[in-house]
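**Student:** Everything below, folded, please.
(one chain, ligands or ions: 2)
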Amino acid sequence: MELLRHRGSFSRTGLRQAQRRGVPVRSLGQPVPQASQPPHSRPHPHPRPLPLHPEISKIIFSAEEIDARVAELGRLVGTDYSDRELLVLGVLKGAFAFTSDLVRHIYPYPPSLEVDFFKASSYGSGTVSSGRVQLDSGFKLDSVRGKHVLLVEDIIDTGNTLSALVAVMKGAGAASVRVCALLDKKARRRVPMEAEYTGFECPDEFIVGYGIDYAEKYRNLPYIGAVKDEFIKK
Ligand SMILES: O=P(O)(O)OC[C@H]1O[C@H](OP(=O)(O)OP(=O)(O)O)[C@H](O)[C@@H]1O
Ligand code: HPA
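**Tutor:** Ligands and ions are numbered 1, 2, ... in the order given. Alright, predicted model coming up:
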């Protein structure tokens, strides 16, 4: 076990000291020793459930619920694309966590699966959509021509962002465009938008966590929750 703590290389003195203390030392090229316990029975490095962030009033979707649903979505996507090459396009920044988890669950494997990201934003540092979707001008739209595109979003709220993105991808000559959204806040819709794959229906609240921010904060939380009122600027 102690071997795992010595990730870097040892100096000669450090090496001799480690050997004297009986620390097993592996030289480069030797196989990495396997942990004695299978991954699912190893204790998680953090206490679970994680303590609630002090600025969060409640958890709406727990890390465990999210993990389970993302795995199911991966299976659905994999089944539908088992005979088609797939381009997964994550919408930054909010969908970075969802996209990276989702792609690892896409099974059966499509004949080829590419992952890329596209930046779009309309909320700035507030809780209300500006209605103006700013799209990433640096993205090479040529790269979607002829591809089966799956747009991956953390949340559909007013629908402004995704309706703009679907139109952009179709205009760029994608062979097909589908949407996979973790959360669907139907109560706030202003323009029609239905995802082909949806994780959860989202209550009509401003939510954060699992990639989703308020004024750039809380993206790191492993769960999705609501921010306490006193931390929202009025
Ligand atoms: O349906 P809509 O009302 O358009 O809302 C959904 C969009 O809003 C959020 O992005 P945001 O503009 O906050 O940018 P971010 O992803 O960089 O946080 C979210 O990540 C979606 O992209
Ligand atoms: O509820 C939300 N929270 C954070 N960002 C968002 N963007 C759209 N809806 C939301």
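
**Student:** Please report the residue range of the longest helix in the chain.
**Tutor:** Longest helix of the chain, by residue count under DSSP state H: helix 63-80.

**Student:** buried stuff in it?
**Tutor:** By neighbour count on 16 or more other Cβ atoms under 10 Å, the buried set for helix 63-80 is 63, 66, 70, 73, 74, 77, 78, 80. In this view, the C-beta of every residue, glycine as well, is placed from N, C-alpha and C.

**Student:** Could you list every helix and strand that the helix or strand harbouring residue 150 packs against?
**Tutor:** Using DSSP states H and E, residue 150 sits in strand 148-156. Helices and strands touching strand 148-156, by 3 or more Cβ pairs under 8 Å, 6 or more residues apart in numbering; DSSP states H and E, are strand 86-92, helix 96-103, helix 160-171, strand 176-184.

**Student:** Rounded mean pLDDT for the last one, please.
**Tutor:** Averaging pLDDT along strand 176-184 yields 98.

**Student:** Report all helices and strands that the very next helix or strand once past that strand contacts.
**Tutor:** The C-terminal neighbour of strand 176-184 among helices and strands, as given by DSSP H and E, is strand 197-201. Applying 3+ Cβ pairs under 8 Å, 6+ apart, one finds that strand 197-201 contacts helix 63-80, strand 176-184.

**Student:** among the ones you listed, which is nearest ligand 1?
**Tutor:** The closest of those to ligand 1 is strand 176-184. By Cβ to the nearest ligand atom, the value is 8.7 Å.

**Student:** which residues are contacting stretch 96-105?
**Tutor:** Residues outside stretch 96-105 that contact it (Cβ atoms under 8 Å, 6 or more residues apart in numbering): 67, 70-71, 73-75, 77-78, 88, 90, 113, 115, 117, 152-154, 180, 182, 210-211, 219.

**Student:** and ligand 1, which of those reach it?
**Tutor:** 153, 154 (Cβ under 6 Å from any ligand atom).

**Student:** Which residues of the chain lie near ligand 1?
**Tutor:** By the rule Cβ under 6 Å from any ligand atom, the part of the chain lying against ligand 1 is 91-94, 120-123, 129, 153-161, 213.

**Student:** The residue in the chain positioned nearest to ligand 2: what's it in contact with?
**Tutor:** Taking Cβ to the nearest ligand atom, ligand 2 has its nearest neighbour within the chain at residue 157, 3.6 Å off. Applying Cβ under 8 Å, 6+ apart, we find residue 157 in contact with 129, 185, 188, 189.

**Student:** quick one on the thing from earlier: need the helices and strands packed on strand 148-156 in JSON lines (columns: distance to ligand 2).
**Tutor:** Listed next are the helices and strands packed on strand 148-156 as JSON lines, based on distance: least, Cβ to the nearest ligand atom, whole Å:
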{"stretch": "strand 86-92", "distance to ligand 2": "11"}
{"stretch": "helix 96-103", "distance to ligand 2": "13"}
{"stretch": "helix 160-171", "distance to ligand 2": "8"}
{"stretch": "strand 176-184", "distance to ligand 2": "8"}
